[in-house]
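A.B. asks: quick check, what structure comes out for this input:
(chains A, B and C)
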Amino acid sequence: MDAIFENLTEAQREAVGHIEGPMLILAGPGSGKTRVVTHRIANMIHQGVPPWQIAALTFTNKAADEMRHRVDSLAPNQPVWMGTFHRFCAQLLRRYATMVGLAENYSIYDTQDSKQAMKRAVMAAGVSTTHASPDQIASSISHAKNRLMTPETMQGQILRPLDALAAKVYPVYQQQLLTANAVDFDDLLLHIANLLRENPEIRSELDNKYKYILVDEYQDTNLAQYAIVRALSIDQPNLAVTGDPDQSIYGWRGADLNNILDFEKDYPSVKTARLEKNYRSTPNILRAADQLIRHNRKRKAKDLFTDHPEGDAVVLRMFQDGYQEADGIADEIVHAIAEEGMKPSDFAIFCRMNALTRSLEHALRSRSLPYQIVNGVEFYQRREIKDLLAYLHLVNNPNHDVALMRVINTPTRGIGAKTVERIRDFADYNGIPMLEAARRAKDIEGLAKRAVTMIGKFIKIYDRLAIKATAPLEDLIRFLVEETEFEAYLEKTAVEQQDANPMSNVDELITAAVEFDRQHPEDGSLEAFLEQVALVADTDAIDGETDRVTIMTLHAAKGLEYPRVYIIAVEDDLLPHKRSKENEAQFEEERRLLFVGITRAKERLQLSCCKRRAVRGDTRPVIPSPFLNELPLDEIRRIESTGNRDWFDEEEDYDQSYPESWDLPDEDGSPGGDLDAVSETAPVIAPAGFEIDEVSQLPAEELAEVMKPKKKKNIVVAGLKTGADLLTSGTTPLMSYREGVLVRHSEHGEGTIIEVTGRGPKRTAKVIFPDGEFSFRLAFAKLELV
DNA sequence: TACTAGTAATTTTTT
DNA sequence: ATTACTAGTA
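C.D. replies: Numbers count the residues shown, from 1 in each chain, chains lettered A, B, ... in the order given. Next up, the predicted model:
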């Protein structure tokens, strides 16, 4: 009991002690919010609140797991419901599926699935895609769903042209989902919100079941989530929400900042706790965050303060290009590990887009730094995994048309596009699922005899699988692999992709399934497993245990903290993103995004930008982010890197097609003077206020030696490419490629370099192989030294 | 029908 | 640069 209130500030104690009635916890970054929330739950239980009456809703499984873990240490094994909004709704929907026209074994379409479904719906609705792509229509419908609009209400509105088109597709799409006994992500929320609105008895029953509701990251809730929470807090208005308006970064997904800004209006009796003291960052970092976020107009003023000692100045660094940026950061990390006793997991690198992680990956890998990319090629997105999962989906829900289309000819069994199309039309015409249509192949007009036979073969396989639906997951999957001769199929396709062991992912899926079976011995395993798979996010795979540098998007970074943080590509049109400039709300959200990134840092922070950056193949000049002007530049250490990279060593002149200088922000925010040209021979002159990069450019190989992992164990985490995994395929410094050097290419075999031209990312080698002469961009080509 | 090669489109962020 | 889709060929 004492432990619960120990070491808390007055504001924290107040929040922890609160039990009945609505409460708003405004928690700035690093203010110990999770601590407050978990202690509060523990306190409630101590005070006699039955744990099963408490539900804590989060946005990510990761946040829920963390919460569960910490509550467990205070009050072990309490049946408090903790999980994401989507999971909460998915479980309710299992129970009430029939109320919304679904069966309880309904499937959850992931983004790819719903995209497929959307294309089909667009076609069926007879809407032309010349003015709006299926993607745009999908996002319009998604937005409508987030705002609780049904097909009927959407059609009743005056709309932009795009939305008007979407409104035509919406009912068709929704009907197809219903026929397929499926929902998309938005539907999980929408169905439950509608259910609660239309069925007062159910609403009241659930309201009383979940007497105490807690919502994390309330600033990210959309209207559907708002409605759900609201509906469950009428008879029992014990709703506690935590959040920080300054960290709202999901507006594009329909999050409505007003939900938190107006909370006090919605619940007049609310008790508000403000957690402003920061326990995470140095004053230097906080001042940067504070100065930046002050520029937002739509916000509640808030002070950020801390007891921590000053620490190091925030660094703003300018690189020549993205490759140098990646190398510079990687070198610095290597250096800090070798010299300052840091470890890889102390570092995180954030970026605006996933596409920016590529050069980082390369840089870290070539220094043997272990790393994880939160997002990369997600495990469950891999083709072979999606194939197998599609079979499982179809076993679980024979109406799952998207899954059927995926597997009916995978592995190829002579059922081509035309045949599938005929089945689909037949299904659409009769309003039946495609599997049903396939069973009636004989009735389908225009189907060749051969096709009918092939379909029959597929149906036979399917039926054999379906019998095993209730078998343990492992048996089911193994049977599936066998029955479909999946291994042979994989081997065939793997050859051209030179995938060493194509079955390894399949084995991992089986491992995951076994693990799931073990943890969930009682529930109908297949359905629950598929639900779990559908609702895991990339961020859930973040691995805090193993010692690795973490690379992720700014969005994924929320809620995390690291001693040293790098934010790359703080550049105009990227952060703020080009597409955010249409309106001020979006622009301010970009600012909040940077705010979130900055406030993740505990000790040190570096923001960086480049003079030019490779986008989609070619390199273009870049303007630094206007947000940089909003930082306290007088106390920030500005460094310009000289471009002293290995590939510049050999070439004296720099590619003159790029501007050699640009305007830097001056300390007063006015445009500054030009930078002097950077070249190998001329001394580098730093612009006013910039130091020349003094970080040593130790030879990478030397550092790599220091960095060699002590014990090299190959930890495989689902969905993650780790540095360790990739060590074996280590890369070669570009300068090793010279004229006369022998190389090996996966397709052409061995060859000799006859010419090397260009520099930097454009450095190109001409190689003569037995089968002819080819040119490769060294930064990208897979050329091994012989 | 399966496979290949070539072209078009594409990237912001995620449950 | 990578991916997704299309058209042409075996």
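A.B. asks: for chain A, what are the low-confidence residue spans?
C.D. replies: A:1-2, A:375-378, A:494-502, A:522-524, A:537-545, A:617, A:643-741, A:745-748, A:755-766, A:769-786 (pLDDT under 70).
A.B. asks: the residue lying closest to A:Ser269 once chain neighbours are set aside: what secondary structure?
C.D. replies: Closest residue to A:Ser269 apart from its sequence neighbours, by CB to CB, 6 or more residues apart in numbering: A:Gly21 at 5.8 Å. All C-beta atoms are positioned from the backbone trio N, CA, C, and that covers glycine. Secondary structure, DSSP: H, G, I helix; E, B strand; the rest coil: A:Gly21 is coil.
A.B. asks: next, the contact list for A:Gly21, please.
C.D. replies: Residues near A:Gly21 by CB atoms under 8 Å, 6 or more residues apart in numbering: A:Pro237, A:Asn238, A:Ser269, A:Val270, A:Lys271.
A.B. asks: over to A:Ala182?
C.D. replies: Per CB under 8 Å, 6+ apart, neighbours of A:Ala182: A:Tyr106, A:Ser107, A:Ile108, A:Tyr109, A:Asp113, A:Ala117, A:Asn397, A:Asn399, A:His400, A:Val402.
A.B. asks: what bridges to A:Ala182?
C.D. replies: A:Ser107 (DSSP bridges).
A.B. asks: quick one: distance of the helix or strand that contains A:Asp290 to the chain centre.
C.D. replies: Under the criterion of DSSP states H and E, A:Asp290 resides in helix A:283-293. Centroid displacement of helix A:283-293 relative to its chain, using CA atoms, centre = their mean, to the nearest Å, is 26 Å.
A.B. asks: hey, C-alpha coordinates of it in CSV?
C.D. replies: Output in CSV follows, covering the C-alpha atoms of helix A:283-293 (Å, rounded to 0.1, in the frame of the first residue of the first chain):
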residue,chain,number,x,y,z
PRO,A,283,17.1,21.3,-19.6
ASN,A,284,18.9,21.8,-22.9
ILE,A,285,16.6,19.3,-24.6
LEU,A,286,13.5,20.6,-22.9
ARG,A,287,14.2,24.2,-23.9
ALA,A,288,14.5,23.1,-27.5
ALA,A,289,11.2,21.2,-27.2
ASP,A,290,9.5,24.1,-25.4
GLN,A,291,10.6,26.8,-27.8
LEU,A,292,9.5,24.8,-30.7
ILE,A,293,6.1,23.9,-29.5
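A.B. asks: which element is the closest residue to A:Pro472 other than its chain neighbours on?
C.D. replies: Nearest residue to A:Pro472 in three dimensions, chain neighbours excluded: A:Asp517, at 5.6 Å (CB to CB, 6+ apart). Per DSSP H and E: A:Asp517 is located in helix A:503-519.
A.B. asks: against which helices or strands is that helix packed?
C.D. replies: Helices and strands touching helix A:503-519, as assessed by 3 or more CB pairs under 8 Å, 6 or more residues apart in numbering; DSSP states H and E, comprise helix A:383-396, helix A:473-483, helix A:486-497, helix A:525-534.
A.B. asks: quick one: residues in contact with the last one.
C.D. replies: It stands for helix A:525-534. So helix A:525-534 is contacted by A:87, A:90, A:105, A:107-108, A:110, A:380, A:389, A:392-393, A:395-396, A:469-470, A:472-473, A:476, A:513, A:516-517, A:520 (CB under 8 Å, 6+ apart).
A.B. asks: just those that are near DNA strand B?
C.D. replies: A:Arg87 (CB under 7 Å from any atom of the strand).
A.B. asks: now the buried members of the contacts of helix A:525-534.
C.D. replies: For those, burial is judged from neighbour counts taken by 16 or more other CB atoms under 10 Å, and it is met by A:87, A:90, A:105, A:107-108, A:110, A:380, A:389, A:392-393, A:395-396, A:473, A:476, A:513, A:516-517.
A.B. asks: pull the helix holding A:Asp517 out as CSV, backbone CA atoms only.
C.D. replies: In CSV, the C-alpha atoms belonging to helix A:503-519 read as follows (Å, rounded to 0.1, in the frame of the first residue of the first chain):
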residue,chain,number,x,y,z
MET,A,503,11.3,-22.2,-45.3
SER,A,504,12.8,-20.3,-42.4
ASN,A,505,9.9,-17.8,-42.3
VAL,A,506,7.5,-20.6,-42.5
ASP,A,507,9.2,-22.3,-39.5
GLU,A,508,9.0,-19.0,-37.7
LEU,A,509,5.3,-18.8,-38.3
ILE,A,510,5.0,-22.3,-36.9
THR,A,511,7.0,-21.2,-33.9
ALA,A,512,4.8,-18.2,-33.4
ALA,A,513,1.7,-20.5,-33.7
VAL,A,514,3.1,-23.0,-31.2
GLU,A,515,3.8,-20.2,-28.8
PHE,A,516,0.3,-18.9,-29.2
ASP,A,517,-1.2,-22.3,-28.6
ARG,A,518,0.8,-22.6,-25.5
GLN,A,519,-0.2,-19.2,-24.1
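A.B. asks: tilt between it and helix A:525-534?
C.D. replies: 120 degrees (axes from the mean of the first three to the mean of the last three CA atoms, to 10 degrees).
A.B. asks: give me the contacts around helix A:503-519.
C.D. replies: A:379, A:382, A:384-385, A:388-389, A:472-474, A:477-478, A:481, A:486-487, A:490, A:525, A:528-529, A:532, A:716, A:718.
A.B. asks: buried ones only from the contacts of A:Gly21, please, as a ChimeraX command.
C.D. replies: Buried residues within the contacts of A:Gly21, by 16+ other CB under 10 Å, are selected in ChimeraX with:
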select /A:237,238,270,271
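A.B. asks: out of the contacts of A:Gly21, which is nearest to A:Gly30?
C.D. replies: Here the nearest of those to A:Gly30, counting by CB to CB, is A:Lys271; it sits at 22.7 Å.
A.B. asks: identify the bridge partners of the nearest residue to the closest one once chain neighbours are set aside.
C.D. replies: Nearest in space to A:Lys271, with sequence neighbours left out and distances taken as CB to CB, 6+ apart, is A:Met23 at 4.9 Å. Note on A:Met23: beta-bridge partners by DSSP bridges are A:Ala240, A:Lys271.
A.B. asks: dihedrals phi and psi, A:Asn132?
C.D. replies: Rather than Asn, residue A:132 is Ala. Main-chain torsions, A:Ala132, degrees, to the nearest 10: phi -150, psi 120.
A.B. asks: alongside DNA strand B, which residues does the stretch 151-300 of chain A contribute?
C.D. replies: A:Phe185, A:Asp186, A:Trp252, A:Arg253.
A.B. asks: again, 6 Å this time
C.D. replies: A:Phe185, A:Trp252, A:Arg253 (CB under 6 Å from any atom of the strand).
A.B. asks: now list the buried members of these.
C.D. replies: Going by neighbour count (16+ other CB under 10 Å), these have A:Phe185, A:Arg253 buried.
A.B. asks: elements contacting the helix or strand harbouring A:Val37?
C.D. replies: Remark: A:Val37 resides in helix A:33-46, with elements defined by DSSP H and E. Contact here means 3+ CB pairs under 8 Å, 6+ apart; on that basis helix A:33-46 packs against helix A:2-5, helix A:10-17, strand A:23-27, strand A:54-58, helix A:61-74, strand A:212-215, strand A:238-243, strand A:271-275.
A.B. asks: nearest to DNA strand C among these would be which one?
C.D. replies: Minimum separation from DNA strand C across those (CB to the nearest atom of the strand) falls at helix A:61-74, 25.4 Å.
A.B. asks: and whichever helix or strand comes after the closest one, which strands flank it?
C.D. replies: Next along the chain after helix A:61-74, taking DSSP H and E as the criterion, comes strand A:81-84. Its sheet considered, strand A:81-84 pairs with strand A:54-58 (parallel) by DSSP bridges.
A.B. asks: re the thing from before, confirm for me that the residue nearest to A:Lys271 is in contact with A:Arg274.
C.D. replies: No: using CB atoms under 8 Å, A:Met23 is not in contact with A:Arg274, being 11.8 Å away.
A.B. asks: since that was my last question, I'll sign off now.
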